[in-house]
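J.: 3D, please:
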Amino acid sequence: MHHTIKVEHLSFAYPDGQQALRDVSLTVAPGEKVALVGPNGAGKSTLMLHLNGIITGQGSVRVCGMEINSGNLGKIRAAVGLVFQDPDDQLFSPTVFEDVAFGPLHMGLPEAETRRRVDEALAAVAMRDYRERVSHHLSVGEKKRIAIATVLSMQPEILVLDEPTAGLDPRGRRGLIRLLAELPQTMLVSTHDLRMVQELFSRTVVLDNGQVVADAPTAELMADAALLAAHGLEA
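T.: Residues are numbered from 1 along each chain as shown. Below you'll find the predicted structure:
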């Protein structure tokens, strides 16, 4: 079976010597939506940054059948839409339209195709009326939707999201959960929001101290109070 994400024996240490990942192996099948949970400092963000080649450790990382290397970084980044925890890291253009158009234009797509993609991406996140708005004046929830649109316009096969519900009020959170439920992409989502995990993800991977300590059906994990307590998680 062709896995969309295949990580084998991945280890990574930061220059200061901090070992962030230790022998991590993980596969995600096409169309699967998987939650990644664990305490702060467990290595979740570090793992995600490997999936589109921002950092490279020891071991093997393949996405959509491609080994990640400098030769195919462009293809990898088009295939893997990485959405950071803080949308301000992702939004830097004067208007929403320009932010969402940035990727397709960067890929060298013609203007008409770029417009079509921007339109589709904004429609997918229910933000079509915002194209002329200034990103910086939006609420956190609106910014998160626009950040997702900036990667959807690249038509990625995989969405990798870091703490998508962090900083949202209850209404924004509900809207975002509904949005993620409707999107067809394969997903790996790092989160502390265990209620969202139970609602959206049938499979959960627990990372602690740079290691995969559990990988199981969500319902099974959530029923294991001792496991959750041991890794700083509360159901």
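J.: please make it C-alpha for all contacts and neighbour counts, starting now.
T.: Fine.
J.: those strands in this structure, which residues are they?
T.: 5-13, 19-28, 33-37, 58-63, 66-67, 80-83, 158-162, 186-190, 203-208, 211-217 (DSSP state E).
J.: okay, those strands in JSON lines with mean pLDDT next?
T.: JSON lines is the format used below for the strands of the chain (pLDDT from 0 to 100):
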{"stretch": "strand 5-13", "mean pLDDT": "97"}
{"stretch": "strand 19-28", "mean pLDDT": "97"}
{"stretch": "strand 33-37", "mean pLDDT": "97"}
{"stretch": "strand 58-63", "mean pLDDT": "95"}
{"stretch": "strand 66-67", "mean pLDDT": "92"}
{"stretch": "strand 80-83", "mean pLDDT": "95"}
{"stretch": "strand 158-162", "mean pLDDT": "96"}
{"stretch": "strand 186-190", "mean pLDDT": "97"}
{"stretch": "strand 203-208", "mean pLDDT": "97"}
{"stretch": "strand 211-217", "mean pLDDT": "97"}
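J.: just tell me which of these ends up closest to residue 147.
T.: strand 80-83 (6.5 Å; Cα to Cα).
J.: for the closest one, packing partners?
T.: helix 140-152, strand 158-162 (3 or more Cα pairs under 8 Å, 6 or more residues apart in numbering; DSSP states H and E).
J.: if we use 6 Å, what do you get?
T.: Helices and strands touching strand 80-83, by 3 or more Cα pairs under 6 Å, 6 or more residues apart in numbering; DSSP states H and E, are strand 158-162.
J.: residues touching residue 68, list them.
T.: Taking Cα atoms under 6 Å, 6 or more residues apart in numbering as the contact definition, residue 68 lies against residue 62.
J.: switch to numbering from 59
T.: With 59 as the first residue, the last one maps to residue 126.
J.: look at it and report its pLDDT.
T.: Residue 126 carries a pLDDT value of 90.
J.: what do you get for residue 165?
T.: 88.
J.: hmm, back to that, any chance of the strands of the chain in CSV, with distance to residue 187 and mean neighbour count too?
T.: Below are those laid out as CSV (distance: least, Cα to Cα, whole Å; neighbours: other Cα atoms under 10 Å):
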stretch, distance to residue 187, mean neighbour count
strand 63-71, 34, 19
strand 77-86, 34, 18
strand 91-95, 29, 25
strand 116-121, 34, 18
strand 124-125, 37, 15
strand 138-141, 22, 26
strand 216-220, 24, 25
strand 244-248, 26, 25
strand 261-266, 35, 23
strand 269-275, 39, 16
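J.: what's the closest of those strands to residue 156?
T.: For residue 156, the closest of the strands of the chain is strand 138-141, at 17.0 Å, according to Cα to Cα.
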